[in-house]
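Peer 1: Coordinates for the following, if possible.
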Amino acid sequence: MPKEDERKLAIMQSAFTLFGQVGYAKASMKDIAAKAGVAQGLIGYHFGTKETLLVEVVREWMINRGMKAAFAQIDTQASPQDMLEQGLRHVAEFRKSNPEWFMLLVSLWSESVSNEKLAAELLGIYKEMKAGIVQVIDRLELPIEAHEKELLASLIQAVFDGLTLQAPTLLSEQPFSYEQISQSIGWILEGIQSRSSDKGD
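Peer 2: Model (predicted):
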């Protein structure tokens, strides 16, 4: 890997850790640079602003290391329920092994309330995530229309966010068990299949 790419990744890793430990507002560019072992000016060179760095860090952990990694592990030959279980289980494990993610995402949500640029970036990340979820739903060959797949994708996104919001150990060491995830997905899919059967009668 080129040295420039290594430095960029080091900056993102440091930002992820500091944003997750002390929050976006308290994490300074100086501290991020020191933790990454680079000159502070290099952050500006790669990311421009602190808010751009925040967005890129969230995109990296939410889309690349979260969603894409989950989808890459899904067994496409499995049943619809098993496929969704595999994806959600990955999310649960990801949240557990990356405790900084909670504070990072909360920082983005709170900062975007008063920052139109961040709000637009957050919307873009969620649209990207939903599009990826819809691709997986397409593989399930469920008897639902395109707009219903969008609604199901939104519901799955809400589960992802719910898992994140329940992540702090102060609330629970295991906020959502695999059995609960499995049962909930079963209810969703049974409802879809039951509705489809009713339509066919």
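
Peer 1: all contacts plus neighbour counts: C-alpha atoms, from now on.
Peer 2: Noted.

Peer 1: For Pro80, give me the backbone phi and psi.
Peer 2: phi -50, psi -40 (degrees, to the nearest 10).

Peer 1: And for Ala25?
Peer 2: For Ala25, the backbone dihedrals are phi -60, psi -40 (criterion: degrees, to the nearest 10).

Peer 1: Do a quick rundown of the helices in this protein.
Peer 2: For the chain, the helices defined by DSSP state H cover 3-22, 29-36, 40-47, 50-59, 69-72, 80-97, 100-113, 116-140, 146-165, 178-200.

Peer 1: can you put these in a markdown table and add mean neighbour count?
Peer 2: A markdown table is the format used below for those (neighbours: other Cα atoms under 10 Å):
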| stretch | mean neighbour count |
| --- | --- |
| helix 3-22 | 19 |
| helix 29-36 | 18 |
| helix 40-47 | 15 |
| helix 50-59 | 19 |
| helix 69-72 | 16 |
| helix 80-97 | 20 |
| helix 100-113 | 19 |
| helix 116-140 | 16 |
| helix 146-165 | 16 |
| helix 178-200 | 13 |
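
Peer 1: Save these as CSV, and put in mean pLDDT too.
Peer 2: Putting the helices of the chain into CSV (pLDDT from 0 to 100) gives the following:
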stretch, mean pLDDT
helix 3-22, 92
helix 29-36, 96
helix 40-47, 94
helix 50-59, 91
helix 69-72, 77
helix 80-97, 76
helix 100-113, 84
helix 116-140, 87
helix 146-165, 83
helix 178-200, 72
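
Peer 1: Can you report how many residues neighbour Thr49?
Peer 2: Look at Thr49: counted by other Cα atoms under 10 Å, it has 12 neighbours.

Peer 1: what's the pLDDT at it?
Peer 2: Thr49 is assigned a predicted lDDT (pLDDT) of 92.

Peer 1: Ok, Ser28 next?
Peer 2: At Ser28, the predicted lDDT confidence score is 95.

Peer 1: Share the number of residues neighbouring it, please.
Peer 2: Other residues close to Ser28 by other Cα under 10 Å number 16.

Peer 1: So it versus Lys149, what's the distance?
Peer 2: Ser28 sits 41 Å away from Lys149, taking Cα to Cα, to the nearest Å as the criterion.

Peer 1: Phi, psi for Ser114 please.
Peer 2: Here Ser114 shows phi and psi, under degrees, to the nearest 10, equal to phi -110, psi 10.

Peer 1: residues in contact with it?
Peer 2: Counting by Cα atoms under 8 Å, 6 or more residues apart in numbering, Ser114 touches no other residue.

Peer 1: just checking, Lys149 touches Val134?
Peer 2: Yes: in this structure Lys149 lies within contact range of Val134 using Cα atoms under 8 Å: 6.4 Å.

Peer 1: got the domain boundaries for this structure?
Peer 2: According to the domain assignment given by automatic domain parsing, the chain is divided into the following structural domains: 1-48, 56-200.

Peer 1: tell me the centre residue of this protein?
Peer 2: When Cα atoms, centre = their mean is applied to the chain, the residue found nearest the centroid is Met62 (3.2 Å).

Peer 1: Next up, the contacts around that residue.
Peer 2: Going by Cα under 8 Å, 6+ apart, Met62 touches no other residue.
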